[in-house]
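Asker: Based on what follows, work out the 3D shape:
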Amino acid sequence: MNPYVLSILLMGLGLGTTVTFASSHWLLAWMGLEMNTLAILPLMAQHHHPRAVEAATKYFLIQSAAAATILFASSTNAWLSGQWDIQHITHPLPTVMITIALSLKLGLAPLHAWLPEVVQGLDLTTGLVLSTWQKLAPFALLLQISPEIPLLITSLGLISMLAGGWGGLNHTQLRKVLAYSSVAHLGWMMVVMQFSTSLTALALLMYVIMTTSAFLTFKLLKSTDMNSLAMSWAKTPSVTALAPMMLLSLGGLPPLSGFLPKWLIIQELTKQELGLVATVAALSALLSLFFYLRVCYCLTFTSSPNNLAGVAPWRLESKQISLPLATSTSLSILLLPISPAILSLTLPLF
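Answerer: Numbers count the residues shown, from 1 in each chain. This is a model prediction of the structure:
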């Protein structure tokens, strides 16, 4: 893709998210979401592969349906209450409609079926943008209206955790595994959203860091399925040694960074006397941990038959940029010891 076109599309992505963040009016928020969608579509279809075009078409249809629902619900709210402000959405009907539309945009279960198929059709870089940056704007809107309907928010969160855990069990395609991982992590954020926005923001930040590390690792290894991970020792031994810890951090295993948000969310749910919800959340983490362990097994305990030339690529100089991968992997593994400092920084912001 032409660098000028690419820079314009990336600026469009940033501008769309910024407009949604800064807006207090539903029409402006809707415009920001549409700018986001229109900017990422050429990035998704840039390789002109049939799977990429199919993924872009599916994404466009899903996002268009969600955006139309948001526009209809906000117009209904303005008709019922005379207010277009995001903070003044009080009537139950438009609130439920907008929550469901934003859940569709995010890929929350039971509205998640499009997400694995779309991510599977993309290259790893665009899949990373779709799994991280594209979730920020809808999530910011969801944070502002979540206290109005606690039962719906909690139900969506629990269903997402279970669907994300069960869905990833039977897949060998790494992009689909990461898509179901996204569904499960969003469920954790949803169940605590109504009680602590700072914990929700912390969980989202940790999810973005760990998912960035996972996508960049698989991009460096040039792996899109579990079978190809057997070649990783011959390509980059150091990254292969660190990747299992990064994946287990995604699963929330102590003493890695991913344990921090899960630990604090379960603690908050217990404080709110939601012991059953906390128990279901903890058990759903075991489902996610199982398919992360499968990926770790393929990385560490399998090796493909090789000739002498095939075991030497790690000696060759790599041209790929490794600083983002090194930074995100380090943060994914080592943040837990400084969790008090992280909490002291995030709590005053919310």
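Asker: and the closest residue to Met31 other than its chain neighbours, what does it touch?
Answerer: Leaving out its chain neighbours, the residue that sits closest to Met31 by C-beta to C-beta, 6 or more residues apart in numbering is Val19, at 6.3 Å. From N, CA and C alone the C-beta is placed, and that goes for glycine too. Under the criterion of C-beta atoms under 8 Å, 6 or more residues apart in numbering, the neighbours of Val19 are 28-29, 31-32, 35.
Asker: run the last query once more with 7 Å
Answerer: In this structure, Val19 makes contact with 28, 31-32, 35, judged by C-beta atoms under 7 Å, 6 or more residues apart in numbering.
Asker: any idea which helix or strand carries it?
Answerer: Counting by DSSP states H and E, the element that carries Val19 is helix 3-22.
Asker: pull the CA atoms of that helix into CSV?
Answerer: Listed next in CSV are the C-alpha coordinates belonging to helix 3-22 (Å, rounded to 0.1, in the frame of the first residue of the first chain):
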residue,chain,number,x,y,z
PRO,A,3,2.7,5.1,2.3
TYR,A,4,0.7,8.3,1.9
VAL,A,5,-2.6,6.3,1.7
LEU,A,6,-1.5,4.2,4.7
SER,A,7,-0.7,7.3,6.8
ILE,A,8,-4.1,8.9,5.9
LEU,A,9,-5.9,5.7,6.9
LEU,A,10,-4.0,5.5,10.2
MET,A,11,-4.7,9.1,10.9
GLY,A,12,-8.4,8.4,10.2
LEU,A,13,-8.3,5.6,12.7
GLY,A,14,-6.8,7.9,15.4
LEU,A,15,-9.2,10.7,14.6
GLY,A,16,-12.3,8.5,14.7
THR,A,17,-11.3,7.2,18.2
THR,A,18,-10.4,10.7,19.4
VAL,A,19,-13.7,12.1,18.2
THR,A,20,-15.7,9.4,20.1
PHE,A,21,-13.6,9.9,23.2
ALA,A,22,-14.1,13.7,23.2
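Asker: Flag every buried residue along that helix.
Answerer: Using 16 or more other C-beta atoms under 10 Å as the test for burial, helix 3-22 gives 9, 12-13, 16-17, 19-20.
Asker: Now flag whichever of those is closest to Ser339.
Answerer: Top of the list for closeness to Ser339, among the buried residues of helix 3-22 and by C-beta to C-beta, is Thr17 at 27.3 Å.
Asker: list the contacts for the residue lying closest to that closest one once chain neighbours are set aside?
Answerer: Nearest non-adjacent residue to Thr17, counting by C-beta to C-beta, 6+ apart: Ala137, 4.7 Å away. Contacts here follow C-beta under 7 Å, 6+ apart; on that basis Ala137 touches 16-17, 20-21, 32-33, 36.
Asker: circling back to that earlier point, as TSV, the buried residues of helix 3-22 with distance to Phe301 and pLDDT would be great.
Answerer: Conversion of these to TSV gives the following (distance: C-beta to C-beta, whole Å; pLDDT from 0 to 100):
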residue	distance to Phe301	pLDDT
Leu9	41	91
Gly12	44	92
Leu13	39	92
Gly16	43	92
Thr17	41	93
Val19	48	93
Thr20	44	92
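Asker: neighbours around the closest residue to Gln173 other than its chain neighbours, how many?
Answerer: If the residues on either side of it in the chain are set aside, Gln173 comes closest to Asp225, at 5.3 Å by C-beta to C-beta, 6+ apart. Using other C-beta atoms under 10 Å, Asp225 has 15 neighbouring residues.
Asker: In this structure Asp225 contacts Val177, no?
Answerer: No: here Asp225 does not reach Val177: they are 9.5 Å apart, not a contact under C-beta atoms under 7 Å.
Asker: circling back to that earlier point, go ahead and list the helix or strand containing the residue nearest to Thr17.
Answerer: Using DSSP H and E, the secondary-structure element containing Ala137 is helix 136-145.
Asker: model confidence over that helix, on average?
Answerer: In this model, helix 136-145 carries a mean pLDDT of 88.
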